[in-house]
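In: Fold the following and give me the result.
(chains A, B, C and D)
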2 protein chains.
Amino acid sequence: MFATCAPAAPATPGSTPALPQRREPRAPVFDGHRIAESLRLVADNVPIQRRVLRAGDTVYQAGQRFTHLHVVNAGMYKIVNLSADGRDQIVSLKYRGDWLGFDGIPEGVHDCDAIALDTGEVWTVSYDALTRACAAAPALIGLLHGAMSRELAGDRGSLMSVCSLPADARVADFLCNWARALSRRGLRTDQITLRLTRAEIGNYLGVTLETVSRAISRLARCELIEFTGKGRRDLVIPDVDGLAAFVQGCLAPVPALH
Amino acid sequence: MFATCAPAAPATPGSTPALPQRREPRAPVFDGHRIAESLRLVADNVPIQRRVLRAGDTVYQAGQRFTHLHVVNAGMYKIVNLSADGRDQIVSLKYRGDWLGFDGIPEGVHDCDAIALDTGEVWTVSYDALTRACAAAPALIGLLHGAMSRELAGDRGSLMSVCSLPADARVADFLCNWARALSRRGLRTDQITLRLTRAEIGNYLGVTLETVSRAISRLARCELIEFTGKGRRDLVIPDVDGLAAFVQGCLAPVPALH
DNA sequence: CGTTCGATTGAGGAAGATCAATTAATGTGG
DNA sequence: CCACATTAATTGATCTTCCTCAATCGAACG
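Out: You can find the predicted model right below:
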């Protein structure tokens, strides 16, 4: 696939111009203010309970009765969906400002686990109290809907990645998204610590852990990523846009349709 | 994979009993009443505009300003996500009772297309009017949240299918879900018409159209599905639970983890 | 210092993609 | 109504990617 490490050649010489291949470093999005406001809006209108978690702690578990929602104030979390037949599947990752627990709404019972990946804090609010507060403070409705809609958008992104990208690109895309999620929230990206094992990343991306490992090694060989610490969990992405361009490059021969 | 058509042998003789392999025909879920109530609740509290669509018509398109939501009263719809680089990806399918348009909430602009797959009708409501009505009729809040949460659950299911099932099982799972979506809504399932081409199914499931075609042929050979009409678009699923069991059977050698 | 768990890397095989040819259904214009 | 074009679906042959199996290595921990 990319033994040559050719990073997304700017479209083959005689190709259609239909693909702008946008390479200008996109304006770095920063959501920190919006998130801080959201947190304040919640805390001002609903009684919250702060809860500190350590890596491995569960915020809630599948099967538990649903009574509360949780807003992430700090830390990172994985959402694990367990199907009836024993498969378990990491379906999304959550960061500061994201909500946890929507899955329990329709049936009153959670059908996912939410598990902390590192030390963090969530603000827990009663769902009943929250809906009542919505009547008084309509801004809360917009907040909630926005959060749910963003979660939907994230899911669509995952599906897109899994359905349309080869394994190496999936891993690259995963790393891009991770880095962007951090940078949008104002967290440091010059020293990223992967909080997932290769097996977990593979589970999330629909590939085996060996494939993840090989992909990461190749990306490192191409210097699209660099390891910093002793182990293989701390890394730097020197140029996130370059990494994103690599993802695009994996699609080169396929584009035209309709 | 299943040249012998062995349908989910009840676990290999000496295997762990950890996998119950539930085969009792699950109680058929029927959501018709809940959906009818939901539609009425909306119509009673918010001005709606009925809109009839024919196959291929768009309910809304990516890039359009978001002002309205839509509830499906009839017909089937595909949601297509187009990424910046030209990939387009079917991310979900919608039926009576589902909502369309949530993707526009956070940015005020849609980032998906919603396209009718056959003749149908949607009820269009102003999002502003709807949120205002939520204050007056709190049941609407629960309705909306339930709908969004169900959509999230559907997305997780898709991701799970794509990440953990081999191609043949994915197609089988897709057909199961289609049939169940219909039967839950009280629509006839003794004569299912696929409204998607093989290419579209493949796009949705992350495989090529040839793979879809082969999988469908094999399922038909095993009599897990049967074609009815002249073409290859009308089919019957004699035993949905049997088809679901086939999906499970594809996972046999993998289960244990942790 | 040995044990354990996670990660890396290689070799071989299998599932699925790609390329290509054929058939079937649908639509068009004469 | 028929010849023709067009689009969808099927099926086969080959090739690539990724999975599986296995060995090795490294870091962390008791």
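In: low-confidence ranges in the stretch 151-258 of chain A?
Out: Scanning the stretch 151-258 of chain A for pLDDT under 70 picks out the ranges A:252-258.
In: which bits of it sit near chain B?
Out: Taking C-beta under 8 Å from any C-beta of the partner chain as the test, the list of the stretch 151-258 of chain A residues beside chain B reads A:151-153, A:155-156, A:158-160, A:162-164, A:203-206, A:248, A:251, A:255-257. The way it works is simple: take the backbone N, C-alpha and C, and place the C-beta from them, glycine included.
In: what does stretch A:189-201 contact?
Out: The contact list for stretch A:189-201, computed with C-beta atoms under 8 Å, 6 or more residues apart in numbering or on different chains, reads A:55, A:76, A:78, A:90, A:117-118, A:171, A:174, A:178-179, A:182-183, A:204, A:209-210, A:212-213, A:216, A:228-229, A:233-237, A:240.
In: List only buried entries from those residues.
Out: Buried members of the contacts of stretch A:189-201, counted by 16 or more other C-beta atoms under 10 Å in any protein chain shown: A:76, A:78, A:90, A:117, A:171, A:174, A:178-179, A:182-183, A:204, A:212-213, A:216, A:235, A:237, A:240.
In: Mind jotting down where the strands sit in the stretch 151-258 of chain A?
Out: Taking DSSP state E, counting those that start in this stretch, the strands of the stretch 151-258 of chain A run over residues A:192-193, A:226-227, A:234-236.
In: Tell me how far the second one lies from the chain's centre.
Out: If I follow you right, that is strand A:226-227. With C-alpha atoms, centre = their mean, to the nearest Å as the basis, strand A:226-227 stands 21 Å off its chain's centre.
In: Check the gap between A:Val247 and B:Val80 for me.
Out: Distance, A:Val247 to B:Val80, by C-beta to C-beta, to the nearest Å: 20 Å.
In: try A:Asp31
Out: In this view, A:Asp31 and B:Val80 are 26 Å apart by C-beta to C-beta.
In: A:Pro28 too?
Out: A:Pro28 sits 28 Å away from B:Val80, going by C-beta to C-beta.
In: Between those two, tell me which one has more neighbours.
Out: B:Val80 (20 against 11; other C-beta atoms under 10 Å in any protein chain shown).
In: Break chain A into its domains for me.
Out: Domain ranges of chain A: A:32-155, A:165-250, per automatic domain parsing.
In: For DNA strand D, find the nearest of the ones you listed.
Out: Closest to DNA strand D of the domains of chain A is domain A:165-250 (C-beta to the nearest atom of the strand; 3.1 Å).
In: Direction included, what does whatever helix or strand A:Ile90 lives in pair against?
Out: Assessed by DSSP states H and E, A:Ile90 sits inside strand A:88-94. If you go by DSSP bridges, strand A:88-94 pairs up with strand A:77-82 (antiparallel).
In: Please, where are all the helices along the stretch 151-258 of chain A?
Out: Assigned by DSSP state H, counting those that start in this stretch, the helices in the stretch 151-258 of chain A fall at A:167-184, A:198-205, A:209-221, A:240-249.
In: Report the buried residues of the last one.
Out: Neighbour counts over helix A:240-249 (16+ other C-beta under 10 Å) mark A:240, A:242-249 as buried.
In: number of nearby residues for A:Asp190?
Out: Neighbours of A:Asp190 under the rule other C-beta under 10 Å: 8.
In: Could I get the phi/psi values of it?
Out: The phi/psi pair for A:Asp190 (degrees, to the nearest 10) reads phi -90, psi 10.
In: For A:Pro166, see how far away it is.
Out: Distance, A:Asp190 to A:Pro166, by C-beta to C-beta: 29 Å.
In: Could you do A:Val207 as well?
Out: Separation of A:Val207 from A:Pro166 (C-beta to C-beta): 10 Å.
In: higher neighbour count, those two?
Out: Taking neighbours as other C-beta under 10 Å, A:Val207 and A:Pro166 compare with A:Val207 leading, 21 against 15.
In: Double-check the more buried one against A:Ala169; I have them as touching.
Out: No. If you go by C-beta atoms under 8 Å, A:Val207 and A:Ala169 don't touch, sitting 11.0 Å apart.
In: what do these two both touch?
Out: Counting by C-beta under 8 Å, 6+ apart, A:Val207 and A:Ala169 have no contacts in common.
In: Can you tell me how far A:His110 is from B:Arg87?
Out: Separation of A:His110 from B:Arg87 (C-beta to C-beta): 33 Å.
In: the more surrounded of those two?
Out: Ranked by neighbour count (other C-beta under 10 Å), A:His110 and B:Arg87 place A:His110 first, with 22 against 19.
In: Test my guess that that one contacts A:Thr67.
Out: No. Judged on C-beta under 8 Å, A:His110 makes no contact with A:Thr67 at a distance of 9.9 Å.
In: what touches both of the two?
Out: Joint contacts of A:His110 and A:Thr67 (C-beta under 8 Å, 6+ apart) do not exist.
In: still on that earlier bit, is there any residue in the strand holding A:Ile90 that contacts DNA strand D?
Out: No. Using C-beta under 7 Å from any atom of the strand, we find that strand A:88-94 stays clear of DNA strand D, coming within 13.7 Å at best.
In: Residues touching stretch A:57-64, excluding its own?
Out: Residues outside stretch A:57-64 that contact it (C-beta under 8 Å, 6+ apart) are A:51, A:53, A:66, A:68, A:70, A:77, A:81-82, A:100-101, A:104, A:109-116, A:122.
In: Name whatever forms a beta bridge with the residue nearest the centre of chain A.
Out: In chain A, the centroid-proximal residue (C-alpha atoms, centre = their mean) is A:Leu93; its distance is 4.4 Å. With DSSP bridges as the criterion, A:Leu93 is bridged to A:Lys78.
In: Run through the residues that contact it.
Out: Counting by C-beta under 8 Å, 6+ apart, A:Leu93 makes contact with A:76-79, A:117, A:178, A:181, A:204.
In: Out of these, which two sit at the greatest distance?
Out: Farthest apart among those by C-beta to C-beta are A:Ile79 and A:Trp178. That separation is 14.9 Å.
In: Hmm, A:His70 and A:Trp99 touching each other?
Out: Yes. Checked against C-beta under 8 Å, the pair A:Trp99 and A:His70 is within contact range at 6.8 Å.
In: Around DNA strand D, which positions in chain A sit nearby?
Out: Neighbours of DNA strand D within chain A, by C-beta under 7 Å from any atom of the strand: A:1, A:166-168, A:206-208, A:210-211, A:230-231.
In: now with 6 Å?
Out: Within chain A, the positions lying close to DNA strand D (C-beta under 6 Å from any atom of the strand) are A:1, A:166-168, A:207-208, A:210-211, A:230-231.
In: what is the orientation angle of the helix or strand that contains A:Gln49 with strand A:77-82?
Out: Using DSSP H and E, A:Gln49 falls within strand A:48-53. For strand A:48-53 against strand A:77-82, the angle by axes from the mean of the first three to the mean of the last three C-alpha atoms, to 10 degrees is 80 degrees.
In: Just the buried residues of strand A:48-53, please?
Out: Buried, per 16+ other C-beta under 10 Å, within strand A:48-53: A:48, A:53.
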